[in-house]
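Peer 1: Predicted structure and sequence below. I'll ask about it afterward.
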Amino acid sequence: MASHFVEISCPPDKLYDEAYKHAKIRKSAGTKSYGHVRLVKRWIDARGRQVRYGLRYELMDKDEIFNNTAPYQKSTSYSPIVHIIGAGPAGYFAALECLIHGLKPIIIERGKGVRERRRDLRAIQQDGIVNSNSNYCFGEGGAGTYSDGKLYTRAKKRGNVSNVIQVLIDHGADANIAIDAHPHIGSNKLPKIIENIRKTIEHYGGEIRFNSRVTDIIEDNGKAVGLIVNEKEKLYVQQVILATGHSARDIYALFNRKNWKIEAKPFALGFRIEHPQVLIDEIQYNQNPRHENLPAAAYQLACEIDGRGVFSFCMCPGGLIVPAATAPGEIVVNGMSLSRRDSPFANSGFVVSIEPRDLSVEKDPLVCLKFQQSLEQKLFEQGDGSQAAPAQRVVDFIAGKPSYNLPATSYIPGIYPCRLDRMLPDIIVERIKLGLNIFNRRLRGKYITDDAIFVGIESRTSAPVKIPRSNRTLEHVDVKRLYPCGEGAGYAGGIMSAALDGQRVVQAVAHRLKEEGLN
Ligand SMILES: Cc1cc2nc3c(=O)[nH]c(=O)nc-3n(C[C@H](O)[C@H](O)[C@H](O)COP(=O)(O)OP(=O)(O)OC[C@H]3O[C@@H](n4cnc5c(N)ncnc54)[C@H](O)[C@@H]3O)c2cc1C
């Protein structure tokens, strides 16, 4: 029998009943025996009256052996050096890819190592102190470290996606991420995985420098030739990957000052919406409480209003809303969750897409960034100087009236009542209201409830600026040997796509060096 696939459906209470599942597999495969079987995909099917698991198995003659042997090569003093700015998913996966191609990666990261970073997150949460080099976006592992760790991507090449997943598993992630339709890791597990990836990079001769902010990029004759670190140290470079993420506003300002091409990019902005998790479970599973074998229920919603998307973003079932500002004087929220997703709250971004032309007719490449920043600062200025965030009940937002009190929230710095419906331009507020009504109909009229709140402001959904690169060489269109990469350059929108872009850029660098006989 050659390898082939079967799908079965299974109620939650039979999820761990091997005899039940094998009987169904045999029936579905039309055979009494098979050599080896492995689960390759698991999803939740909540379409029917009873929620069920969908399971896809691969049946084989004999055991398939995963080849987990790392294909990395130890770099030597002859290996060409690739400087990588930023230790986020794009930067770390670029570094691992360098080790496959015989290149030596040197990563320069403005923030701290993943463990020391925790202290700064505590300071934001508990004391409202934002360190502009170490926060929920900056530091080892990038914005992905203290996140939900959802590993979704729209990337089509399954082989590449499986490769990233396998690297994460090899570095300590739960093997279930290879089979779950909506895999996630959780912010309690991610730091250890990031640390293990760093150890691999260092073991094979790569270097990582923390507390090192790139403050200038030196160009000569249209080529990147040097970096200035922390405003004083000069590094000579041969090729530089720029993977600084969507919040590195100083990098966008640097490009603008130097007249190197950048472009305003559509992005999305709105609020975090938070509900009790039991309510989302009830809507999605029709169960309260949900079965112990079912995970906290999630949702994904999207519609179009007047040609602009209104959608849920980065939904965190059983999660927490977190303060994601990257500089003092800003209020920005985002969401994360632990691997068990067991908080009593469900939160999600609720955002509206914004085009540069919605904001200005001027051709300012920083127009979206400035709009984003001005709103974050406005929310801070009307607060008490802490990271407490403004909030409004969703029913009051729709009715255009203040909330006199607010329900409990997962947001540790605290929330206070505010007319969020007056904080954004009317056109955005109207789209949010229309979107709420559409989503409410889709979620059986239970999404708009007294217990649902908006917390402001969710503004770092993606980069508001694009750093364009050549389609052929992937170098910046004005500066050779400078490779814009990952989310900050506008080529990724999440952990997986950032990791994939890091790999892709290094493949282009390696190809170039090979053509020139330098590797
Ligand atoms: C709270 C939160 C939750 C999230 N949840 C998820 C999720 O569940 N799933 C998902 O797919 N995505 C999630 N995201 C988004 C995801 O983290 C990003 O899409 C991803 O990390 C982008 O990867 P990147 O490597 O391109 O950039 P980043 O991860 O942003 O990394 C950029 C790195 O560059 C460094 N840097 C910046 N400027 C400089 C400089 N001048 N010099 C040196 N270093 C610099 C930064 O410190 C940072 O470490 C979340 C983001 C946040 C903030």
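Peer 2: Looks like it arrived, so ask away.

Peer 1: neighbours around Arg357, how many?
Peer 2: Arg357: 10 surrounding residues under other Cβ atoms under 10 Å. Heads up, the C-betas are built off the backbone N, CA and C, glycines and all.

Peer 1: helix/strand/coil for it?
Peer 2: helix (DSSP: H, G, I helix; E, B strand; the rest coil).

Peer 1: Please name the nearest non-neighbouring residue to the residue in the stretch 151-300 of the chain positioned nearest to the ligand.
Peer 2: Per Cβ to the nearest ligand atom, Gly245 is where the stretch 151-300 of the chain lies closest to the ligand, at 2.1 Å. In this structure, Gly245 finds its nearest non-sequential neighbour in Gly488, 4.4 Å apart by Cβ to Cβ, 6 or more residues apart in numbering.

Peer 1: is it fair to say that neighbour lies in a helix?
Peer 2: Yes: assessed by three-state DSSP, Gly488 belongs to a helix.

Peer 1: what does the stretch 1-150 of the chain have sitting close to the ligand?
Peer 2: Contact residues (Cβ under 6 Å from any ligand atom) of the stretch 1-150 of the chain with the ligand: 85-91, 108-111, 136-139, 142-144, 147-150.

Peer 1: If we use 8 Å, what do you get?
Peer 2: Selection of the stretch 1-150 of the chain residues close to the ligand by Cβ under 8 Å from any ligand atom yields 85-92, 108-111, 133-134, 136-150.

Peer 1: quick one: the residue nearest to Gly245 and Ser247, what's the gap?
Peer 2: 8 Å (Cβ to Cβ, to the nearest Å).

Peer 1: element containing Glu58, please.
Peer 2: Using DSSP states H and E, Glu58 maps to strand 52-60.

Peer 1: Can you spell out which helices and strands pack onto the very next helix or strand once past that strand?
Peer 2: Moving toward the C-terminus from strand 52-60, the next helix or strand (DSSP H and E) is strand 81-85. Strand 81-85 sits against helix 89-100, strand 104-108, strand 240-242, with contacts defined as 3 or more Cβ pairs under 8 Å, 6 or more residues apart in numbering; DSSP states H and E.

Peer 1: Please tabulate these in JSON lines and include mean pLDDT as additional columns.
Peer 2: JSON lines is the format used below for the helices and strands packed on strand 81-85 (pLDDT from 0 to 100):
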{"stretch": "helix 89-100", "mean pLDDT": "97"}
{"stretch": "strand 104-108", "mean pLDDT": "98"}
{"stretch": "strand 240-242", "mean pLDDT": "98"}
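
Peer 1: Now tabulate those in CSV and tack on mean neighbour count.
Peer 2: Output for these, formatted as CSV (neighbours: other Cβ atoms under 10 Å):
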stretch, mean neighbour count
helix 89-100, 28
strand 104-108, 23
strand 240-242, 29
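
Peer 1: Indicate which one of the ones you listed is closest to Thr461.
Peer 2: Smallest distance to Thr461 across the helices and strands packed on strand 81-85 (Cβ to Cβ): 16.4 Å, for helix 89-100.

Peer 1: any idea how far that closest one is from the chain center?
Peer 2: Mean C-alpha position of helix 89-100 versus that of the full chain (Cα atoms, centre = their mean, to the nearest Å) differs by 17 Å.

Peer 1: Report the angle between it and strand 104-108.
Peer 2: In terms of direction (axes from the mean of the first three to the mean of the last three Cα atoms, to 10 degrees), helix 89-100 departs from strand 104-108 by 160 degrees.

Peer 1: Please export the C-alpha coordinates of helix 89-100 as PDB.
Peer 2: Backbone C-alpha positions of helix 89-100 (Å, rounded to 0.1, in the frame of the first residue of the first chain) are rendered in PDB as follows:
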ATOM      1  CA  PRO A  89      11.800  36.000  13.600                       C
ATOM      2  CA  ALA A  90      13.100  37.500  10.300                       C
ATOM      3  CA  GLY A  91      16.500  38.100  11.700                       C
ATOM      4  CA  TYR A  92      16.900  34.800  13.500                       C
ATOM      5  CA  PHE A  93      15.600  32.700  10.600                       C
ATOM      6  CA  ALA A  94      17.900  34.700   8.300                       C
ATOM      7  CA  ALA A  95      20.800  33.800  10.600                       C
ATOM      8  CA  LEU A  96      19.900  30.100  10.500                       C
ATOM      9  CA  GLU A  97      19.700  30.200   6.800                       C
ATOM     10  CA  CYS A  98      23.200  31.800   6.600                       C
ATOM     11  CA  LEU A  99      24.500  28.700   8.400                       C
ATOM     12  CA  ILE A 100      23.100  26.500   5.700                       C
END
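
Peer 1: which strands and helices sit next to that helix?
Peer 2: With contacts taken as 3+ Cβ pairs under 8 Å, 6+ apart, helix 89-100 sits against strand 81-85, strand 104-108, helix 158-170, helix 190-203, strand 240-242, helix 495-515.

Peer 1: got the angle between it and helix 190-203?
Peer 2: Counting by the same axes, to 10 degrees, helix 89-100 lies at 30 degrees to helix 190-203.

Peer 1: ok, Asp450 - how many residues close by?
Peer 2: By the criterion of other Cβ under 10 Å, Asp450 has 11 neighbours.

Peer 1: Which residue comes closest to it once chain neighbours are left out?
Peer 2: Excluding its sequence neighbours, the residue lying closest to Asp450 (Cβ to Cβ, 6+ apart) is Val395, at 6.0 Å.

Peer 1: Please apply the same query to Arg393.
Peer 2: Per Cβ to Cβ, 6+ apart, closest to Arg393 is Ser403, 4.4 Å.

Peer 1: Check His182 too.
Peer 2: Counting by Cβ to Cβ, 6+ apart, His182 lies nearest to Tyr152, which is 6.4 Å off, once chain neighbours are set aside.

Peer 1: hang on, the one you found packs against Ser497?
Peer 2: No: the criterion here is Cβ atoms under 8 Å, and Tyr152 misses it with Ser497 at 9.2 Å.

Peer 1: if we can go back for a sec, among the residues of the stretch 1-150 of the chain next to the ligand, name the buried ones.
Peer 2: When neighbours are counted using 16 or more other Cβ atoms under 10 Å, those contain these buried positions: 85-92, 108-111, 133-134, 136-150.

Peer 1: what would the helices and strands packed on strand 81-85 look like in JSON lines with distance to Arg341?
Peer 2: Below are the helices and strands packed on strand 81-85 laid out as JSON lines (distance: least, Cβ to Cβ, whole Å):
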{"stretch": "helix 89-100", "distance to Arg341": "21"}
{"stretch": "strand 104-108", "distance to Arg341": "31"}
{"stretch": "strand 240-242", "distance to Arg341": "33"}
